[in-house]
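*Asks:* Got a predicted model here, sequence first, then my questions.
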Amino acid sequence: MSLPPPSYNDNKRSFAYPTVHKRWPTILEGAIEDINQYTSDHPAASTSGGSVIANLRKLLEDFRSDALVDPFDEEDVEIKPELRIYNVELAKYNEQKQVTWLTGPWLYLECYLYQLLDLWFKKTEDLADFDVFERLKNNTFKQSSFGVLELCKRYEVLARQLVIDEVDEEALRLLFNEFIDISLWGNATDLSLLAGNVTLEDIKSVQGAEVRKKNEEKIIVNDISKVWTHLKHSSERRIDIVLDNSGFELFADLCLALFLLDSRLINKVVLHCKEIPWFVSDTMPKDFKNLLEQLSDLSFFPEIYGNNEDKSAITFLFTKIQSYVSYGQLTTQHHPFWTSCENYWEIPQHSDLYQELKKSDLIIFKGDLNYRKLTGDLEWDTTTPFITAIQQLASSQLPILTLRTCKADVVVGLPSGLNEKLFREYKAMGNDIGEFWTASGKWAVISFSPGNN
C-alpha cells in the first residue's frame with residue numbers, strides 16, 4: 001500500500017504554515033530572552049549564552065530567507081550520535097526536493113529544530129545541560145494553582161473511599177473513564193463530574209451520567225470501553241505512559257496513575273520522559289522531580305495555601321506519589337528514541353525499548369505530538385482506521401492507547417461525513433480555514449489498538 005505524503009510547511013491549508021511562520025520565530029525569540037535573562041544573573045555563562053544567541057539569530061534569518069536545511073556534520077554526530085538518523089532522513093527527502101525551512105516536511109523539521117537547539121547548548125562550556133524552556137514550564141504550572149488544588153481535593157475524597165469501601169466494578173469503570181478524561185484534556189478539564197465532595201454513588205447517579213455524556217461530546221473517537229475490557233483481562237498489571245507536557249498535564253497524568261494504583265487495577269506505572277528540552281514543554285526526568293518539589297514547597301503556590309484544608313489535600317496527594325515512588329510502583333524512564341525523527345512504527349526496530357514496552361499491559365501515548373508520530377503525520381483520509389495509520393504497530397503485540405486533543409492536521413478513525421461536518425461547524429464559528437478544526441484543541445480522540453491485528 002502506498003502511503004500518503006506528510007504535511008509540508010508551504011501548504012497554507014495545513015497548520016504547518018502558521019507554525020513555521022509564527023510559532024517557531026516566537027519560540028526562538030523567547031529563547032533569546034531567556035538566555036539573556038539567565039546570563040545577566042550568571043555572568044560566567046555570558047560567552048556560552050552569546051554563542052547560542054548568535055546561532056538563534058542566524059536561524060531566524062534562515063527562516064526569513066527560506067534557507068536550505070543542512071545535514072549535521074561529523075562533529076555534531078560525535079557529540080550527539082542520535083543525529084545520524086536525521087541525516088539519513090534528510091537525504092531521503094532531498095531526493096524528492098531540496099528541503100528548506102519554509103517548504104520542508106513539518107514534523108521532521110520540527111524535531112530537527114529542537115535537536116539543533118540542544119546541540120548548540122551541548123557545544124558550550126557552561127550551558128551544556130541548560131533547559132532554555134524551564135522558566136516557562138515552571139511559570140505555566142504556577143498559573144495552574146487553582147486547578148491543582150481542586151483536583152487534589154477531589155482526588156483525596158475518592159482515594160479515601162477506595163481504601164474504606166468495597167468498590168464495585170461499575171464504579172471503578174466510571175472512575176477509570178473520568179481519570180482518563182482528566183488526563184486527556186489536561187488544563188481543559190472542567191472537573192464537573194468530580195465536583196464538590198463527590199461520592200462513588202454520585203458518580204453512578206443519573207446526574208453523573210448526564211455530565212459524562214456532555215463531556216464526551218467533543219471526543220470524536222472514543223475507544224474507552226475497549227480499553228477497559230482489555231485492562232480487566234490484563235496479566236502483567238503494568239501501564240506505561242509516554243508523557244507529553246510537563247506542569248499541569250503531567251500532574252493530571254499522575255492523578256490517573258494514582259487512581260490506577262490505589263484501585264489496584266494495576267501494580268506498576270512507568271512514565272517515559274524526553275532526554276532533552278523538546279517541543280518547549282515536554283516532560284524531562286528533571287521536570288518530574290521539579291513537580292514533586294513544587295508540590296511540597298509552600299512558597300510555590302502561595303495563593304492556594306490559605307488554610308489547613310488546602311495544605312492537607314496537596315500534602316495527601318504528594319505523599320501518595322512519594323510512597324509509590326519509594327516502593328518502585330511509580331518509576332520514570334527515558335530513551336533517545338523519543339526525540340528521534342523516526343515514526344513510532346520503528347519501535348520494534350529498537351530492541352531495548354521494544355522489549356521493555358512488551359512488559360506492559362497498556363502503553364498510553366499522551367498528546368498531539370505522540371499521535372502525530374504514531375500515524376506518521378501523514379495526510380491520511382480521516383476515515384482511515386487507526387490500526388491502519390499506525391502501520392506495523394498494529395501487529396507488534398504492543399497494546400496502544402492514545403489520548404490526544406487535536407492540535408495538528410492528522411486525524412484518523414472518524415466515521416464517514418464527520419470531517420466535513422466539523423469543517424462546516426468550525427467555519428461557522430468565524431474561522432477562515434475550516435480544515436483547522438483539526439488543530440483547534442476543541443476536539444479529542446481516544447484511540448486503541450490491542451497490538452494483535
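*Replies:* Received, thanks.
*Asks:* Packing partners of the helix or strand harbouring residue 368?
*Replies:* Counting by DSSP states H and E, the element that carries residue 368 is helix 367-374. Contact here means 3 or more Cβ pairs under 8 Å, 6 or more residues apart in numbering; DSSP states H and E; on that basis helix 367-374 packs against strand 400-405. Where C-beta positions appear, they are placed from N, C-alpha and C, glycine not excepted.
*Asks:* So which residues make contact with whichever helix or strand comes after the strand it packs on?
*Replies:* Counting by DSSP H and E, the element after strand 400-405 in chain order, helix or strand, is helix 418-428. Contact with helix 418-428 is made by 220, 382, 383, 411, 434, 435, 436, 437, 440, 442, 443, as judged by Cβ atoms under 8 Å, 6 or more residues apart in numbering.
*Asks:* let's see 10 Å
*Replies:* Contact with helix 418-428 is made by 220-221, 381-383, 406, 411, 414-415, 431-440, 442-443, as judged by Cβ atoms under 10 Å, 6 or more residues apart in numbering.
*Asks:* now the residues you listed: which count as buried?
*Replies:* Neighbour-count burial within the contacts of helix 418-428 applies to 220-221, 382, 406, 411, 414, 433-439, 442-443; the criterion is 16 or more other Cβ atoms under 10 Å.
*Asks:* Worst mean pLDDT across the helices and strands of the protein, which element?
*Replies:* Scoring the helices and strands of the chain by mean pLDDT, DSSP states H and E places helix 200-204 at the bottom, with a mean of 59.
*Asks:* what about the residue nearest to residue 410 when sequence neighbours are not counted, how many neighbours?
*Replies:* Distances taken as Cβ to Cβ, 6 or more residues apart in numbering place residue 375 nearest to residue 410, at 5.1 Å, with adjacent residues excluded. Using other Cβ atoms under 10 Å, residue 375 has 27 other residues around it.
*Asks:* and if you look at residue 233?
*Replies:* Residue 233 has 7 neighbouring residues, counting by other Cβ under 10 Å.
*Asks:* close enough to count as contact, it and residue 362?
*Replies:* No - look at residue 233 against residue 362 with Cβ atoms under 10 Å: they stay out of range, at 11.2 Å.
*Asks:* could you pull out the strands for the stretch 101-250 of the chain?
*Replies:* Listed in chain order, the strands of the stretch 101-250 of the chain (DSSP state E, counting those that start in this stretch) span 219-222, 238-242.
*Asks:* relative to helix 367-374, how tilted is the last one?
*Replies:* Our comparison of strand 238-242 with helix 367-374, counting by axes from the mean of the first three to the mean of the last three Cα atoms, to 10 degrees, yields an angle of 100 degrees.
*Asks:* Can you name every helix or strand that strand 238-242 contacts?
*Replies:* Applying 3 or more Cβ pairs under 10 Å, 6 or more residues apart in numbering; DSSP states H and E, one finds that strand 238-242 makes contact with helix 248-262, strand 268-273, strand 330-334, helix 351-357, strand 362-366, helix 367-374, strand 400-405.
*Asks:* That strand pairs with which strands?
*Replies:* In the sheet, strand 238-242 lines up against strand 268-273 (parallel), strand 362-366 (parallel) (DSSP bridges).
*Asks:* Buried ones in the first one, by neighbour count?
*Replies:* Using 16+ other Cβ under 10 Å as the test for burial, strand 268-273 gives 268, 269, 270, 271, 272, 273.
*Asks:* The nearest residue to the first one once chain neighbours are set aside: neighbour count?
*Replies:* The spatial neighbour of residue 268 that comes closest, neighbours along the chain excluded (Cβ to Cβ, 6+ apart), is residue 238 at 4.5 Å. For residue 238, the neighbour count with other Cβ under 10 Å is 17.
*Asks:* isn't residue 238 right up against residue 364?
*Replies:* No - with contact defined as Cβ under 10 Å, residue 238 does not reach residue 364; the gap is 11.6 Å.
*Asks:* For the two, list the residues in contact with both.
*Replies:* Common contacts of residue 238 and residue 364 (Cβ under 10 Å, 6+ apart): residue 269.
*Asks:* What strand or helix carries residue 323?
*Replies:* Using DSSP H and E, residue 323 sits within helix 308-326.
*Asks:* Let's test this: mean pLDDT of that helix, rounded?
*Replies:* For helix 308-326, the mean per-residue pLDDT is 92.
*Asks:* Now do it: distance to the chain's middle.
*Replies:* Relative to the centre of its chain, helix 308-326 is centred 24 Å away, using Cα atoms, centre = their mean, to the nearest Å.
*Asks:* Could I get the buried residue list for that helix?
*Replies:* 310, 313, 314, 315, 316, 317, 318, 320, 321, 324.
*Asks:* In contact with the residue nearest to residue 391 when sequence neighbours are not counted, which residues?
*Replies:* In space, and not counting its chain neighbours, residue 391 is closest to residue 345: 4.6 Å by Cβ to Cβ, 6+ apart. Residue 345 is in contact with 373, 374, 375, 376, 389, 390, 391, 392, 393, 394, 396, counting by Cβ under 10 Å, 6+ apart.
*Asks:* Output these in TSV, with distance to residue 341 appended to each entry.
*Replies:* Formatted as TSV, the contacts of residue 345 follow (distance: Cβ to Cβ, whole Å):
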residue	distance to residue 341
373	9
374	14
375	15
376	11
389	18
390	17
391	16
392	18
393	17
394	22
396	20
